[in-house]
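Enquirer: quick one, structure for this:
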Amino acid sequence: MRQGPRNLITDVKGLYVGNAEDHKVKSGTTVLVGDKPFIASVDVMGGSPGARETELLAPDKMVEGVDALVLSGGSAFGLDAAGGVMDELRRRGRGFRVESATVPIVPGAIIFDLLNGGDKDWAENPYRALGAAALANAGEDFVLGTAGAGTGALTANLKGGLGSASIVLPSGHTVGALVAANPTGSVTMGDHANFWAAPYEIDGEFGNLGAYPGPLSFAQTARSKRDALMNPIANTTIAIVATDAVLTKAQTKRLAVAAQDGITRGASPSHTPVDGDLVFAVSTCEVPLEDPILNTIHLGHAAAVCLARAIARAIYLATPAAGDVAPTWQEKWGRG
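Expert: Numbers count the residues shown, from 1 in each chain. Reported below is the predicted structural model:
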């Protein structure tokens with residue numbers, strides 16, 4: 001497997017990502033949109049999820065085409081970001097047509113980032129405007145680290161962030177991942193610089209340190225924010241994985257399920273009662289499957305690998321800001 005040309009989810013042709021953030025609030029929003037509606041499904045494994053319009057993504061539900069997906073900070077306030085995206089898509093004439101009505105389909109999910117040192121004393125919920133701004137910024141290239149939905153993210157011992165990665169398979173299919181990494185657990189091996197995702201790293205994309213060579217105690221592998229007294233509790237990893245493979249809605253659901261392994265490989269612990277871990281899966285349906293069983297197995301593996309790498313890249317590329325309650329990886333271990 002090899003990276004796509006950008007090593008971003010937008011290596012899946014026809015997909016675009018936009019970010020918008022408010023650094024005073026220490027929060028933001030990220031939007032995935034396509035040239036046309038795409039097939040999407042979702043899998044939820046965290047015990048405290050926050051999401052909207054996820055029920056319609058089940059394989060037995062009628063709606064097939066999704067117009068955009070939203071990842072946002074802000075806890076439940078951040079769900080309003082999808083409303084701003086809907087407003088703008090409707091102006092563009094995008095959405096599900098019901099006679100004379102047009103209804104954009106915009107599922108979304110949120111992370112909890114309300115206790116990260118930012119000023120949350122707003123007079124009006126800012127996330128609707130952030131959603132519209134993120135959609136307006138959508139393109140093939142976008143910033144990782146302290147950007148979009150990852151702006152105010154935290155991990156057990158470090159600042160979190162927004163990450164992305166891609167893989168081009170020998171079959172010719174492209175798979176990409178996009179993540180707001182804000183887990184209760186740690187993405188590094190205890191108090192060491194090495195990432196849990198190290199075995200899946202490609203071309204030194206997050207430091208090329210490899211795995212930590214020594215043994216790790218249970219306390220190191222299971223460390224949480226509750227143990228890290230420097231940080232308040234803040235949690236959830238939300239992600240999107242995408243492919244250009246021609247998939248049914250049911251196959252897209254399986255892609256989301258398989259991709260959850262990427263959260264487990266990228267953060268420890270994961271899928272806890274206080275995390276809202278959620279993965280959307282997207283298919284643009286451009287490249288046919290030659291072998292429906294073997295190809296889908298490979299796609300699921302690639303999605304999990306991409307997501308683990310994207311989590312590490314999110315933390316590796318995070319940048320410091322005034323008022324931070326946790327250091328960035330670069331501040332603590334950076335070689336530059």
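Enquirer: low-confidence ranges in the chain?
Expert: The chain contains residues with pLDDT under 70 at 218-220, 222-234, 335-336.
Enquirer: ranges for the helices of it?
Expert: For the chain, the helices defined by DSSP state H cover 81-91, 127-136, 218-221, 249-266, 292-316, 329-333.
Enquirer: ok, which of those helices comes nearest A40?
Expert: Nearest of those to A40, taken as CB to CB: helix 249-266 at 6.4 Å. Using the backbone N, CA and C atoms, a C-beta is placed for each residue, glycine as well.
Enquirer: how far off helix 292-316 does that closest one point, in degrees?
Expert: On the basis of axes from the mean of the first three to the mean of the last three CA atoms, to 10 degrees, helix 249-266 is oriented at 40 degrees to helix 292-316.
Enquirer: which residues does the residue lying closest to L69 once chain neighbours are set aside bridge with?
Expert: Leaving out its chain neighbours, the residue that sits closest to L69 by CB to CB, 6 or more residues apart in numbering is L32, at 4.6 Å. Beta bridges link L32 to V17, L69, judged by DSSP bridges.
Enquirer: pretty sure L32 contacts V17?
Expert: Yes - between L32 and V17 there is a contact at 5.5 Å, judged by CB atoms under 8 Å.
Enquirer: now list whatever residues contact both of those two.
Expert: Residues touching both L32 and V17 (CB atoms under 8 Å, 6 or more residues apart in numbering) are I9, L178.
Enquirer: quick one: G150 from D113, how far?
Expert: Remark: distance between G150 and D113 (CB to CB, to the nearest Å) = 9 Å.
Enquirer: check D60 too.
Expert: 33 Å.
Enquirer: ok, V179 next?
Expert: 14 Å.
Enquirer: of those two, who's got more company?
Expert: Ranked by neighbour count (other CB atoms under 10 Å), V179 and D113 place V179 first, with 39 against 30.
Enquirer: what pairs with the more buried one across the strands?
Expert: Per DSSP bridges, residues listed as beta-bridge partners of V179: G163, A239.
Enquirer: got a list of what it touches?
Expert: Each residue near V179 by CB under 8 Å, 6+ apart is listed here: G150, L162, G163, S164, T237, I238, A239, I240, L307, A310, I311, A314.
Enquirer: equivalent analysis for L56, please.
Expert: Shown in contact with L56 (CB under 8 Å, 6+ apart): M62, V63, I105, P107.
Enquirer: is the last one in contact with L278, as I believe?
Expert: No - using CB under 8 Å as the test, P107 is too far from L278 to be in contact (10.1 Å).
Enquirer: those two: which has the busier surroundings?
Expert: The neighbour count for P107 versus L278, taken as other CB under 10 Å, is higher for L278 (26 against 22).
Enquirer: isn't the more buried one right up against I240?
Expert: No - using CB under 8 Å, L278 is not in contact with I240; the gap is 9.7 Å.
Enquirer: strands of this protein, start to end?
Expert: Using DSSP state E, the strands of the chain run over residues 15-22, 27-44, 51-52, 65-72, 96-98, 101-103, 108-110, 161-168, 174-181, 237-245, 278-287.
Enquirer: to E201, which of these lies closest?
Expert: Proximity to E201 (CB to CB) singles out strand 161-168 among the strands of the chain, at 9.7 Å.
Enquirer: what helices or strands is the closest one leaning on?
Expert: When contacts are defined as 3 or more CB pairs under 8 Å, 6 or more residues apart in numbering; DSSP states H and E, strand 161-168 packs onto strand 174-181, helix 292-316.
Enquirer: now do the longest one: distance to the chain's middle.
Expert: Computed by CA atoms, centre = their mean, to the nearest Å, the chain-centroid distance of helix 292-316 equals 12 Å.
Enquirer: and that helix with strand 174-181, angle?
Expert: Counting by the same axes, to 10 degrees, helix 292-316 lies at 40 degrees to strand 174-181.
Enquirer: may I see the buried residues of helix 292-316?
Expert: For helix 292-316, burial by neighbour count (16 or more other CB atoms under 10 Å) applies to 295-296, 298-316.
Enquirer: and it, what does it pack against?
Expert: Packing partners of helix 292-316 (3+ CB pairs under 8 Å, 6+ apart): strand 161-168, strand 174-181, strand 237-245, helix 249-266, helix 329-333.
Enquirer: turn those into a markdown table, including distance to D203.
Expert: Formatted as a markdown table, these follow (distance: least, CB to CB, whole Å):
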| stretch | distance to D203 |
| --- | --- |
| strand 161-168 | 11 |
| strand 174-181 | 16 |
| strand 237-245 | 20 |
| helix 249-266 | 18 |
| helix 329-333 | 18 |
